[in-house]
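S.K.: coords below, sequence missing:
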């Protein structure tokens, strides 16, 4: 039985997320484990999908740490090129974390154990990062639920169980997810709840119709506790991924400050942050109608136009990553602000860096700042304010 590296990576990722494997998938995973003791040891020492992503971040065949790190630097930094007498700024291929392996870059190059030399020294880079950076942790699951009467419930540390009874639904927590169970007939009055994820928080909610919504940091979702009438309408600010329960007789409508999105059952992402230069809706599966424009999978609606997009990049946040491909420094910093709950200020114009890589959202801020040092970006962190200077 032949098991290619891309396939085994997918299987291990599903296994670590406790997702069910088909008989064929389980057989492939078992075969891979039987191939070597190193494979078995690797799987036994990984505890979740984030560790797997962090582990397989760079391909190398050197046994020495320094050699691997030199290769990492060559992969990350592209020298400036001369163009008709004028020099351009260096372009950054990728950023990442020095955390598990000596040459961990944020480009996630998934390969098999046999092609990779595991250099697990257990050491981190000896850097002179400010103490404040070492104290800023990445975001986590958490949200604030505002009930119909205006009262609020902080969801960060509550245990599983029923937390409220709203008009037409019982509201309970299930493993850091909010679930609405329809309670039968309602009085006809419509009650609304609001889920808010502050900066540094993300959360998931299952609406009364079974639709699942993932909220990114710095976002809010307003929705009824029971979907009455001829449609299912919700309002979003910030960013959310929707997995809409199918119901052709009752369309699902998402309202933002600018657009109206109509679907019957599909998967799509809405980025409607007020501080982004544009609102973007990305279709992953099914179809959606936005302001009379119809999207197909792999397309996005942005600035009144339908464009081809990289859906995997657009929903990377939902899968536990930042994907900074072809993004400039201000765009990257806006994402870091929301996830690490920091304020970023620029002194002078931002340097024209272009990024191209992924970063696990589980990284500490100190790991991120280490690579700002490597990019020769001048910064100063005071409290939760990061000032970047163009020097």
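M.R.: Looks like it arrived, so ask away. As the structure is a prediction and not an experimental result, all values here were calculated from the model.

S.K.: so which residues of this structure form helices?
M.R.: Taking DSSP state H, the helices of the chain run over residues 5-16, 23-35, 37-45, 49-55, 65-76, 131-134, 311-314, 329-340, 365-374.

S.K.: which stretch in those helices has the least confidence?
M.R.: In terms of average pLDDT, helix 65-76 trails the rest of these, at a mean of 41.

S.K.: excluding its backbone neighbours, what's nearest residue 335?
M.R.: residue 322 (5.9 Å; Cβ to Cβ, 6 or more residues apart in numbering). For the C-beta atoms, the positions are set from N, CA and C on the backbone; glycine is no exception.

S.K.: just checking, the one you found touches residue 358?
M.R.: Yes: here residue 322 reaches residue 358: they are 6.6 Å apart, a contact under Cβ atoms under 8 Å.

S.K.: common neighbours of the two, please.
M.R.: Residues touching both residue 322 and residue 358 by Cβ atoms under 8 Å, 6 or more residues apart in numbering: residue 316.

S.K.: show me what the residue nearest to residue 335 bridges to in the sheet.
M.R.: residue 359 (DSSP bridges).

S.K.: what do you get for residue 267?
M.R.: residue 243, residue 285.

S.K.: thought residue 356 was touching residue 332?
M.R.: No: using Cβ under 8 Å, residue 356 is not in contact with residue 332, being 11.2 Å away.

S.K.: overlap in contacts of those two?
M.R.: residue 324.

S.K.: follow-up on the earlier one: residues in contact with the residue nearest to residue 335?
M.R.: Residues counted as contacts of residue 322 (Cβ under 8 Å, 6+ apart) are 316, 332, 335-336, 339, 358-361.

S.K.: per-domain residue ranges of this structure.
M.R.: 48-136+316-391, 140-315 (automatic domain parsing).

S.K.: let me have the ones you listed in CSV, extended by distance to residue 40.
M.R.: Shown next, in CSV, are those (distance: least, Cβ to Cβ, whole Å):
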stretch, distance to residue 40
domain 48-136+316-391, 10
domain 140-315, 28
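
S.K.: which of the ones you listed sits closest to residue 39?
M.R.: Closest approach to residue 39 among the domains of the chain (Cβ to Cβ): domain 48-136+316-391, 5.1 Å.

S.K.: which pLDDT value belongs to the residue nearest to residue 335?
M.R.: So residue 322 comes in at 91 (pLDDT).

S.K.: from residue 229, how far off is it?
M.R.: Distance of residue 322 to residue 229, given as Cβ to Cβ, to the nearest Å: 39 Å.

S.K.: repeat that for residue 31.
M.R.: In terms of Cβ to Cβ, residue 31 sits 53 Å off from residue 229.

S.K.: can you check residue 44 too?
M.R.: With distances taken as Cβ to Cβ, residue 44 is found 53 Å from residue 229.

S.K.: about what we covered before: go through the domains of the chain and name the closest to residue 16.
M.R.: domain 48-136+316-391 (4.5 Å).

S.K.: contacts only, for the residue nearest the centre of the chain.
M.R.: Most central in the chain under Cα atoms, centre = their mean is residue 317, positioned 1.2 Å from the mean C-alpha point. Shown in contact with residue 317 (Cβ under 8 Å, 6+ apart): 202, 216, 239, 335, 361.

S.K.: farthest pair within these?
M.R.: Maximum distance among the contacts of residue 317 (Cβ to Cβ): 13.3 Å, for 239 and 361.

S.K.: higher neighbour count, these two?
M.R.: residue 239 (26 against 21; other Cβ atoms under 10 Å).

S.K.: and the more buried one, bridged to which residues?
M.R.: In beta-bridge terms (that is, DSSP bridges), residue 239 pairs with residue 271.

S.K.: so for it, what's the pLDDT?
M.R.: At residue 239, the pLDDT recorded in the model is 98.

S.K.: hmm, residue 275 and it touching each other?
M.R.: No: look at residue 239 against residue 275 with Cβ under 8 Å: they stay out of range, at 11.6 Å.
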